[in-house]
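Undergrad: Can you look at this prediction? I've put the sequence above it.
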Amino acid sequence: MTDAIHIERLHYRVGNAFEIKDLDLHVPAGSIYGFLGPNGSGKTTTIRLVLGLLRPLGGRITVLGSPMPERHAKVLARVGYVPEQPHLDVTLTVRELIDFQAAFYPRWDRGRAEELVERFELDGARLFGRLSKGQKAKLMILLALAQCGDLLVLDEPTDGLDPVVRRDILSALVTYVSERGATIFISSHLVHELERVCDWVAVMDDGRLITESPMEKLKHGTKRLVVSGAPAEIGNPPFRMLSRESSNGAGESWVVGDWEPEMTSYIENLGGSVRDVIDLDLEDGFVELLRSFRKVRQ
Amino acid sequence: MAVNCYSVPVHWNSEPSLFHGIDPRSPIPLYVQIADRVRLAIATGTLGSAASLPSVRQLAAELRINPATVIQAYRDLEAQGFVEIRHGAGTFVRELAPGRRARERSQQAVALVRKLLAEARRSGVSLAELQRALETELGVKVT
């Protein structure tokens, strides 16, 4: 399978405060790819690099098969983008904004735009500046979908929105993917939302990639183990040790990644026993990944 | 350039009871949860022979999940012989061999009991206590 977005050894820096270093990302074509990370981890900067809005210091970015930022005109004609902050003229009406945007995109789908105006219950005559936050978000999603791109890049599209609006937006995105087979790259820190919809997930912290993995693998492989009798030194285990703490009385609490059930034998061979294996959801796994990543870097 | 992008309106705000409470946070993958629900509905007769399942697009939009997840669930159900995917037409429940529904129901019962036992073990409830609670709830002795 080809990648809709392919990033190799990306390097970018502004001043001395923040840098993106050695970033590799592979967003498979047709996937819904969740880009997770705390505020300030570099998600928006990465997105701006992908869209050619910033120039990297080093590395290679390929979007829909073409190098960025060199071929940005060709690439951006096929990319729908919803930025974190509304970027539209507040003095234009909903209808005017739709017509304005349509003029730039040869593949513009009038039918879809009309359908979404109705479904999102948008008032065509209303000024953008007079829309509620939820209505603004819906309009931006509408504009991105109606241009019929092969890739949608969404920067925190549902951040700060109420559950009803979030639900409508996610449904519209999912419908678009089932009809068009497009790729969606969506950054968020709303972990539960991504857990529902994404088949791939990457986690960033402090300008670096912590992990990139199919969603099921990440969710499935991250466990909390209750272990007793294991030695302090456990050699080179087949799983990823994310954290290890003694819990009161009942042995130790381990958080592990890349876990498979048969790996209990590795711990047993060291003289320990696994008393329990507890599933973690994506949010717990995300928090544990961040904690262990930060501990190593300190 | 040709406009090759069209759409048909979908009614996406009604969550069908069949899939109510699908839990993305559960360690059980979503496609397995969906397939389980369909199998249960077939076993209990809620979905009879030739009944049609929601389209991939419809169900994905309703549950706000990846269409690929729905496709995987339907393919698994097809591989297990529960449904037939007719391309362009939809996904339909197949005629089941006699006894298959009953067998499926007893498998569901086993799964429920396993879940109960695991939960009991985790919270430190003994077998005897579990049995007493079951007897109280049912109002009959379990021997």
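TA: Yep, that arrived. None of the values given here were measured: they were computed from a predicted structure. Residues are numbered from 1 along each chain as shown, chains lettered A, B, ... in the order given.
Undergrad: which residue sits closest to B:Ser126, ignoring its sequence neighbours?
TA: Of all residues not flanking B:Ser126 in the chain, B:Ala120 sits nearest, at 7.9 Å (C-beta to C-beta, 6 or more residues apart in numbering or on different chains). To be clear about C-beta, it is placed using only N, CA and C from the backbone, and glycine gets the same treatment.
Undergrad: Quick check: the gap between that neighbour and B:Glu135.
TA: For B:Ala120, the distance to B:Glu135 equals 15 Å [C-beta to C-beta, to the nearest Å].
Undergrad: Over to A:Gln147?
TA: Using C-beta to C-beta, A:Gln147 is found at 64 Å from B:Glu135.
Undergrad: who's more crowded, these two?
TA: A:Gln147 (24 against 13; other C-beta atoms under 10 Å in any protein chain shown).
Undergrad: can you pull the contacts of the closest residue to that one other than its chain neighbours?
TA: Closest residue to A:Gln147 apart from its sequence neighbours, by C-beta to C-beta, 6+ apart: A:Tyr105 at 4.1 Å. Listed by C-beta atoms under 8 Å, 6 or more residues apart in numbering or on different chains, the contact set of A:Tyr105 reads A:Ala77, A:Ala146, A:Gln147, A:Cys148.
Undergrad: neighbours around B:Ala35, how many?
TA: Neighbour number of B:Ala35 under other C-beta under 10 Å is 23.
Undergrad: quick one: the helices in chain B?
TA: For chain B, the helices defined by DSSP state H occupy B:30-44, B:56-63, B:67-79, B:100-122, B:127-138.
Undergrad: just the stretch 101-250 of chain A next, same as before
TA: For the stretch 101-250 of chain A, the helices defined by DSSP state H, counting those that start in this stretch cover A:110-119, A:133-146, A:163-180, A:191-197, A:215-221.
Undergrad: which residues sit against the last one?
TA: What that stands for is helix A:215-221. Helix A:215-221 is contacted from outside by A:34, A:195, A:198-201, A:211, A:239, A:256-260, A:280-282, A:285, B:27, B:29, using C-beta under 8 Å, 6+ apart.
Undergrad: swap the cut-off to 6 Å and go again
TA: A:Cys198, A:Asp199, A:Val201, A:Gly257, A:Asp258, A:Trp259, A:Leu282, B:Pro29 (C-beta atoms under 6 Å, 6 or more residues apart in numbering or on different chains).
Undergrad: before we move on, the earlier item: tabulate the helices of the stretch 101-250 of chain A (TSV), appending distance to B:Pro67, mean pLDDT and mean neighbour count.
TA: As requested, these are arranged in TSV below (distance: least, C-beta to C-beta, whole Å; pLDDT from 0 to 100; neighbours: other C-beta atoms under 10 Å in any protein chain shown):
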stretch	distance to B:Pro67	mean pLDDT	mean neighbour count
helix A:110-119	17	94	17
helix A:133-146	15	95	22
helix A:163-180	4	91	21
helix A:191-197	10	85	21
helix A:215-221	14	85	20
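Undergrad: Of the ones you listed, which is nearest B:Arg86?
TA: Nearest to B:Arg86, of all these, is helix A:163-180, at 17.6 Å by C-beta to C-beta.
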